[in-house]
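Engineer: Structure of the sequence below:
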Amino acid sequence: MSNRNRFQRSRFAAAAANKNAANKNGANVLSTILKQSRKSGVLNLSNQEFDAVPDAVWTVNEAPSQEERSMDFGASGDHWWEMADLRKLYLSSNKLQSLSDKIAKFPALQVLDLQDNVLTSLPNCIGELENLENFNISHNQLASVDFEFTSAERLAVLVMMHNKIENISTNFFLSLKNCQQLNISHNVLRQLPASVQHLASVRHFNLSNNSLISLPIEIGYIQSLTLLDLDDNSIETLPSSIGKLTKLEQLYLRNNCLTTFPNILSCSSLKELCLANNQLKSVPDGLPKSLAILELRENKIKSLNDEILKIDKLERLDLANNDLTQINPQVSLMENLKVITLEGNPIKSIRRDIINRGSAAILKYLHTRLPTTEAEEEKPTSALPQSRANQALTKTHVIAASKKLTLNGADESKAENELSQLTDIDLIDVTLSKCKISHVPTSLLSYKDSLTKLCLSFNQLSEFPAEIWEMTRLTHLDLSCNLLRSIPSQVKALTALREINIVRNQFTQLPESLYSIPSLEHILADGNQISCIDVAGLASLTALSTLSLKNNDITSVPPELGNLEQIKTLGIDGNRLRVPRQAIIQKGTVAVMEYLRSRIVQ
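Structural biologist: Below is the predicted model of the structure:
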């Protein structure tokens with residue numbers, strides 16, 4: 001035998017030996033994991049490159065052999081065969097092509113994670129897991145949903161996004177009467193069955209990125225809905241029954257084909273309505289006064305109706321890239337309006353440089369365009385002059401009724417005095433704007449258990465006020481137009497915070513501390529010196545829908561930002577960007593995010 005042949009045989013033998021050793025080591029590792037799962041009730045086999053579930057997994061709940069009975073589990077001396085039944089099974093990020101009906105051997109299963117595999121179907125016995133509470137089958141290859149959760153009455157969370165689902169059986173929704181979160185986004189659904197009305201407990205329903213053209217009228221019977229996401233479909237009309245969703249707080253319909261919109265005045269809990277990139281020619285009538293955010297960018301709107309002036313709680317109004325030629329100056333009288341976006345409209349009555357300077361400049365300019373009589377009507381008057389005592393009493397009654405205190409332009413001592421005199425009122429909304437304060441009045445702490453909104457804009461704050469950490473009920477915090485450079489880690493105590501406004505400060509990056517507030521939905525950070533975007537940090541904010549970084553020093557946008565699907569509104573205008581090009585930025589968030597994803601190196 002030649003030396004060459006001997007070398008080849010030796011090499012093949014070594015490779016075979018290595019493979020056998022690897023298989024043996026893999027089997028030992030799996031055996032150890034299975035033993036541990038018998039003690040913890042949790043089995044995690046994610047990222048193992050399995051194309052099938054190992055047979056040994058299906059016996060994890062079975063009684064051990066005689067040989068195994070002689071073994072102890074760990075130094076504690078616990079006997080692992082006496083441990084809990086399997087409650088959580090994680091099989092994500094493998095190459096599973098099918099799932100055996102042996103899954104029925106785990107009746108105590110509460111969590112089943114099958115995401116990121118190549119499954120094309122599921123065994124019907126999945127629906128018989130009566131203790132199942134959380135099921136994730138996202139990022140697979142399912143084309144239809146023809147199984148039912150006949151016995152899984154505890155199922156609360158069902159995630160089916162990123163499949164190829166075209167059809168859902170009529171009876172599927174009948175079996176989800178206790179489901180609270182349902183995500184069927186990123187599929188190819190063209191219609192929903194009328195049985196959707198049986199989703200009696202669903203609070204969050206995500207149908208974004210499908211091919212829906214319309215919705216059944218039964219959608220209005222899901223009375224528990226608080227969030228309905230229909231972004232990125234082809235919806236042309238909505239049923240009037242959607243106005244019956246009285247608990248709805250967030251309604252997303254971006255990137256559809258709507259030309260009209262139904263009256264939803266009865267949706268008295270609605271806070272966010274996003275209708276960007278449709279074909280609306282006017283602002284919809286019949287919008288509820290509860291709205292705080294109204295997004296109408298990239299439509300064909302030519303004018304604003306007077307109805308919008310009645311939405312007195314409106315804080316953000318996005319009208320970018322429409323056909324508006326003028327804006328009613330009365331918009332500047334909307335006392336809660338903080339952000340208005342008008343770029344991309346053929347408006348001639350407001351100079352372009354004013355629009356580019358942002359919301360504060362626009363509102364200030366519009367206020368100067370008010371007729372004198374309207375400006376005077378803004379101030380309350382009475383038929384007879386009041387004494388100072390009566391004026392103070394009237395003011396106190398107004399504050400007590402609204403639980404709101406606004407002190408614009410008051411000096412520090414006056415602010416302290418006003419706050420100290422109202423301690424018997426549970427204020428929920430306090431504005432101390434343009435007061436030239438460098439620290440928070442100590443008497444503001446008297447309201448730490450009731451405050452939900454705090455505005456400290458246009459002051460001289462150079463350090464984040466420590467008093468704010470104790471205001472754990474805050475949902476909205478406005479620190480715009482100050483001298484802040486950082487926000488300390490203690491801000492994570494604000495577990496209810498939904499929006500933070502740090503526009504026009506001195507930040508060179510988004511404060512890392514913000515990434516520890518998972519409730520954050522809106523970050524407004526325009527007009528700072530921010531030079532980079534931390535995608536990893538932003539990814540931890542799963543509720544974040546608005547990120548505004550306009551007029552900063554950003555020179556590049558990481559392509560990975562495009563993967564953050566939770567971001568529905570991204571503002572990056574006014575930076576020193578070469579890419580994305582301005583033409584792409586002007587097309588709006590969807591175009592920018594798609595462009596960023598296209599640049600990710602595979």
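
Engineer: May I have the phi/psi pair for Val557?
Structural biologist: Torsion angles at Val557 (phi, psi; degrees, to the nearest 10) stand at phi -110, psi 120.

Engineer: Quick check: it vs Ala539, distance?
Structural biologist: Counting by CB to CB, to the nearest Å, the gap between Val557 and Ala539 amounts to 15 Å. For the C-beta atoms, the positions are set from N, CA and C on the backbone; glycine is no exception.

Engineer: So these two - more neighbours on which side?
Structural biologist: Using other CB atoms under 10 Å, the more surrounded residue of Val557 and Ala539 is Val557, with 23 against 15.

Engineer: so the more buried one makes contact with Arg576?
Structural biologist: No. In this structure, Val557 is not within contact of Arg576 by CB atoms under 8 Å, at 11.4 Å.

Engineer: what is in contact with these two at once?
Structural biologist: Counting by CB atoms under 8 Å, 6 or more residues apart in numbering, Val557 and Arg576 have no common neighbour.

Engineer: which sections of the stretch 1-150 of the chain are below the confidence cut-off?
Structural biologist: 1-28, 63-83 (pLDDT under 70).

Engineer: out of everything not next to it in sequence, what's closest to Gly286?
Structural biologist: Asn263 (3.1 Å; CB to CB, 6 or more residues apart in numbering).

Engineer: Am I right that the one you found is in contact with Ser241?
Structural biologist: No. Taking contacts as CB under 8 Å, Asn263 lies outside contact range of Ser241: 11.2 Å.

Engineer: what about these two, which has more around it?
Structural biologist: When Asn263 and Ser241 are compared for neighbours, Ser241 comes out ahead with 17 against 14, by other CB under 10 Å.

Engineer: where does that one sit relative to Asp573, distance-wise?
Structural biologist: The value you get for Ser241 to Asp573, if CB to CB is used, is 38 Å.

Engineer: what pairs with whichever helix or strand Leu547 is part of, and is each one parallel or antiparallel?
Structural biologist: In the assignment (DSSP states H and E), Leu547 maps to strand 546-548. Next to strand 546-548 in the sheet, as set by DSSP bridges, lie strand 522-524 (parallel), strand 569-571 (parallel).

Engineer: quick one: which of the ones you listed has the weakest pLDDT on average?
Structural biologist: Lowest mean pLDDT of the strands paired with strand 546-548: strand 569-571, a mean of 88.

Engineer: for it, the distance to its chain's centre please.
Structural biologist: Distance of strand 569-571 from the chain centroid (CA atoms, centre = their mean, to the nearest Å) equals 13 Å.

Engineer: contacting residues around the residue nearest to Asn117 when sequence neighbours are not counted?
Structural biologist: Nearest non-adjacent residue to Asn117, counting by CB to CB, 6+ apart: Leu96, 4.0 Å away. Under the criterion of CB under 8 Å, 6+ apart, the neighbours of Leu96 are 50-53, 114, 117-119.

Engineer: Please indicate which of those are buried?
Structural biologist: 50, 53, 114, 117, 119 (16 or more other CB atoms under 10 Å).

Engineer: Take those and lay them out in CSV including secondary structure.
Structural biologist: What follows is these, written out as CSV (DSSP: H, G, I helix; E, B strand; the rest coil):
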residue, secondary structure
Phe50, coil
Val53, coil
Leu114, coil
Asn117, coil
Leu119, coil
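
Engineer: Between those, which sits nearest Ala152?
Structural biologist: Using CB to CB, Leu114 is the member of the buried ones among the contacts of Leu96 that lies nearest Ala152, at 14.6 Å.

Engineer: related to what we said a few turns ago, can you list the strands paired with strand 546-548 in a markdown table and add mean neighbour count and distance to Glu130?
Structural biologist: A markdown table is the format used below for these (neighbours: other CB atoms under 10 Å; distance: least, CB to CB, whole Å):
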| stretch | mean neighbour count | distance to Glu130 |
| --- | --- | --- |
| strand 522-524 | 23 | 40 |
| strand 569-571 | 23 | 42 |
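
Engineer: Pipe those strands into a markdown table and attach distance to Gly220 per row.
Structural biologist: Listed next are the strands paired with strand 546-548 as a markdown table, based on distance: least, CB to CB, whole Å:
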| stretch | distance to Gly220 |
| --- | --- |
| strand 522-524 | 28 |
| strand 569-571 | 27 |
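
Engineer: and Ser169, which of those strands is closest to it?
Structural biologist: strand 569-571 (35.7 Å).

Engineer: re earlier: and which of the buried ones among the contacts of Leu96 is nearest to Gly286?
Structural biologist: Using CB to CB, the buried ones among the contacts of Leu96 come closest to Gly286 at Leu114, 43.0 Å.

Engineer: Run through the residues that contact Phe147.
Structural biologist: Phe147 touches 122-124, 126-127, 169, 172, counting by CB under 8 Å, 6+ apart.

Engineer: try 7 Å this time
Structural biologist: For Phe147, the contact set (CB atoms under 7 Å, 6 or more residues apart in numbering) comprises 122, 124, 126-127.

Engineer: Also Ser151?
Structural biologist: 127-128, 130.

Engineer: ok, 8 Å please
Structural biologist: Ser151 neighbours (CB under 8 Å, 6+ apart): 127-130.

Engineer: Please spell out the ChimeraX selection for the buried subset of those.
Structural biologist: Applied in ChimeraX, the following selects the buried portion of those according to 16+ other CB under 10 Å:
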select :127,128,129
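
Engineer: Report the two of the contacts of Ser151 separated the most.
Structural biologist: Gly127 and Glu130 (9.4 Å).

Engineer: Mutual contacts of these two, please.
Structural biologist: 151-152.

Engineer: Got the confidence number for Ala591?
Structural biologist: If you check Ala591, the pLDDT there is 84.

Engineer: same thing with Leu538?
Structural biologist: At Leu538, the model reports a pLDDT of 96.

Engineer: before we move on, back to that, tell me which of the contacts of Phe147 is nearest to Ser211?
Structural biologist: Using CB to CB, the contacts of Phe147 come closest to Ser211 at Leu122, 22.4 Å.

Engineer: Okay, that closest one and Ser438: tell me how far apart.
Structural biologist: 62 Å.

Engineer: So between these two, which is more surrounded?
Structural biologist: Leu122 (20 against 14).

Engineer: For that one, which residues are in contact?
Structural biologist: So, once contact is read as CB under 8 Å, 6+ apart, Leu122 ends up touching 99, 137, 142, 147.

Engineer: now Cys455
Structural biologist: By CB under 8 Å, 6+ apart, the neighbours of Cys455 are 430-433, 478.

Engineer: Kindly recompute the last result at 10 Å.
Structural biologist: The contact partners of Cys455, taken as CB atoms under 10 Å, 6 or more residues apart in numbering, are 336, 338, 406-408, 429-433, 476-480, 501.

Engineer: got it, and Pro441?
Structural biologist: Taking CB under 10 Å, 6+ apart as the test, what Pro441 contacts is 407, 412-420, 430, 432, 435, 465, 467.

Engineer: Let me see the ranges of the helices in the stretch 401-550 of the chain.
Structural biologist: Assigned by DSSP state H, counting those that start in this stretch, the stretch 401-550 of the chain shows helices spanning 412-420, 535-539.

Engineer: cool, and the chain?
Structural biologist: 3-40, 66-69, 352-356, 359-368, 372-377, 388-402, 412-420, 535-539, 582-586, 589-598 (DSSP state H).

Engineer: Give me the distance between the two termini of stretch 436-444.
Structural biologist: Across stretch 436-444, the terminal residues are separated by 16 Å (CA to CA, to the nearest Å).

Engineer: Quick one: distance of that stretch to the chain centre.
Structural biologist: For stretch 436-444, the distance to the chain centre is 32 Å (CA atoms, centre = their mean).
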